[in-house]
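1. model this:
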Amino acid sequence: MQTQAGGPGAFARFDLGRVPSPCFVVDETAVRSNLAVLKDVADRGGAKVLLALKAFSMWAVADLVGEYMHGVCASGLWEARLAREHYKGELTTYAPAYRAEDLPEILRLSDTVIFNSPAQIARFEGLIAQARADGEVFEIGLRLNPESSEAEVAKYDPCCPGSRLGFPVSQLRPEHLQGVDGLHVHALCEQGFEPLRRIWDALEPRLGGLLAGLKWVNLGGGHHITRADYAREDLVGFLREITERHGVEVYIEPGEAIALDAGILVGEILDTFDNGVHVAITDISATCHMPDVLEAPYRPAMLNEAEHGAPVRLGGPSCLAGDIIGDYLFDEVPGPGTRIAFLDQAHYSMVKTTTFNGVPLPAIALWNSESDALRLVRQFDYRDFRDRLS
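-> Take a look at the predicted model:
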């Protein structure tokens with residue numbers, strides 16, 4: 001996959017020495033700018049926008065998110081708890097499957113609970129009825145697989161053959177929507193408007209008159225709405241079109257779009273040597289701190305990378321032989337103590353970090369690029385590693 005980083009923005013003038021290493025630095029000004037774009041689309045499109053916590057759950061900016069978003073969406077019980085503790089507005093929860101012991105609390109916390117199949121809804125009919133008898137108020141949704149692939153990489157394609165995500169639309173029958181308030185359709189990954197339009201054009205005729213009995217349609221995530229080249233005017237018209245044609249409320253759940261180009265991961269060179277190529281070991285680990293570098297895979301953009309100069313292979317401190325971030329150009333081979341940073345790391349990287357090999361977790365800092373105010377939100381220590389083990 002290609003990085004979608006749009007450039008350094010205000011980070012071009014950020015002093016990397018102001019934070020400990022490694023450290024995620026999030027620009028709240030950039031987050032606010034992205035949120036304003038999303039609110040404008042929602043307002044003009046007559047839709048509701050929810051933050052997908054799975055992509056960006058830095059609750060230090062939860063109040064800021066609450067100024068612009070209608071709410072958040074969670075991927076299970078713990079994210080739902082986080083949402084209710086820190087975020088404002090509506091809460092929608094979806095998971096491919098629920099544990100019976102978790103579902104009562106999920107139903108209590110959520111405004112909407114989306115199931116992956118009609119069989120799950122039927123199996124938990126008793127728990128749903130009991131929650132309502134206890135006074136809980138929530139709606140039920142069903143995730144559909146539109147069976148129309150647009151994602152570039154199979155592992156990120158919810159519509160790939162044999163997908164576990166969503167009930168195949170080809171199997172949908174009217175009886176499957178008994179007790180269902182809305183449909184959830186998530187089929188994108190880091191994409192523009194055109195794939196969304198094609199998916200809906202393929203899906204809409206297959207739904208026939210089924211939308212008439214529903215309250216809402218949730219178009220999921222994967223929308224790169226805040227990217228400079230996104231056709232936002234087309235999206236606004238499209239959202240209004242669905243509402244006007246079918247009389248349903250429309251939701252979208254961007255995650256990356258809220259934090260796109262809003263954060264960097266700062267690190268430091270620990271050692272360098274020559275092994276046929278110049279190799280530099282950093283305190284940033286691909287496997288521990290930026291796992292999508294290996295999983296996607298992709299090459300993250302480096303802040304202020306030289307156009308010409310010495311090629312250097314940057315790798316992490318773990319024992320994994322493949323803990324390689326990528327090959328980069330420097331004006332000269334960097335020595336120990338040199339600070340580096342990778343762009344567009346606020347989304348997904350932050351929520352996927354691990355302590356494999358006892359590699360420390362990056363600190364988290366919040367920066368305001370307008371005022372230059374900097375706040376170290378969180379630092380981690382040995383206890384964070386120790387206490388997740390036994």
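
2. look up phi and psi at the nearest residue to V359 once chain neighbours are set aside.
-> Distance criterion C-beta to C-beta, 6 or more residues apart in numbering; nearest residue to V359, sequence neighbours excluded, is C288 at 4.5 Å. Backbone N, C-alpha and C define where each C-beta goes, glycine included. Per-residue torsions, C288: phi -90, psi -30 (degrees, to the nearest 10).

3. for C288, the count of nearby residues, please.
-> If you count neighbours by other C-beta atoms under 10 Å, C288 ends up with 24.

4. thinking it is in contact with S349, fair?
-> No - with contact defined as C-beta atoms under 8 Å, C288 does not reach S349; the gap is 10.3 Å.

5. residues in contact with the residue nearest to V359?
-> Applying C-beta atoms under 8 Å, 6 or more residues apart in numbering to C288 gives the contacts G316, S318, T353, T354, T355, F356, N357, V359, L361.

6. what is the burial count for the spatially closest residue to the first one that is not a sequence neighbour?
-> So that's G316. The shortest distance from G316 to any residue other than its chain neighbours is 3.2 Å, reached at S285 (C-beta to C-beta, 6+ apart). For S285, the count of nearby residues is 28 (other C-beta under 10 Å).

7. what is the mean pLDDT for the helix or strand containing V37?
-> Using DSSP states H and E, V37 sits in helix 28-45. On average, the pLDDT along helix 28-45 is 98.

8. continuing past that helix, what's the next helix or strand?
-> Per DSSP H and E, the first helix or strand lying C-terminal to helix 28-45 is strand 48-52.

9. show me which parts of that following strand are buried, residue by residue.
-> K48, V49, L50, L51, A52 (16 or more other C-beta atoms under 10 Å).

10. okay, strands next: where are they in the stretch 1-150 of the chain?
-> Using DSSP state E, counting those that start in this stretch, the strands found in the stretch 1-150 of the chain span residues 23-27, 48-52, 71-74, 90-94, 112-115, 139-145.

11. ranking by neighbours, what's the top pick from the contacts of C288?
-> When neighbours are counted by other C-beta under 10 Å, G316 leads the contacts of C288 with 27 neighbours.

12. list the contacts for it?
-> If you count contacts by C-beta under 8 Å, 6+ apart, G316 has them with 281-289, 323-325, 359.

13. one step back: report the angle between the helix holding V37 and strand 48-52.
-> 150 degrees (axes from the mean of the first three to the mean of the last three C-alpha atoms, to 10 degrees).

14. which elements pack onto helix 28-45?
-> The contact analysis (3 or more C-beta pairs under 8 Å, 6 or more residues apart in numbering; DSSP states H and E) places helix 28-45 against strand 48-52, helix 62-68, helix 232-246, helix 256-259.

15. next secondary structure element downstream of the longest strand anywhere in the chain?
-> Counting residues, the longest strand found in the chain (DSSP state E) is strand 263-274. Later in the chain than strand 263-274, the nearest helix or strand by DSSP H and E is strand 278-282.

16. what does the helix or strand that contains D384 contact?
-> Per DSSP H and E: D384 is located in helix 382-386. Identification of contacts with helix 382-386 by C-beta under 8 Å, 6+ apart yields T355, G358, P360, L361.

17. distance check, the nearest residue to the last one once chain neighbours are set aside against V250.
-> It refers to L361. Leaving aside its sequence neighbours, L361 sits nearest to F380 (C-beta to C-beta, 6+ apart; 4.1 Å). Separation of F380 from V250 (C-beta to C-beta, to the nearest Å): 40 Å.

18. contacts only, for the residue nearest to G316.
-> Shown in contact with S285 (C-beta under 8 Å, 6+ apart): G316, P317, S318, D323, F356, N357, V359.
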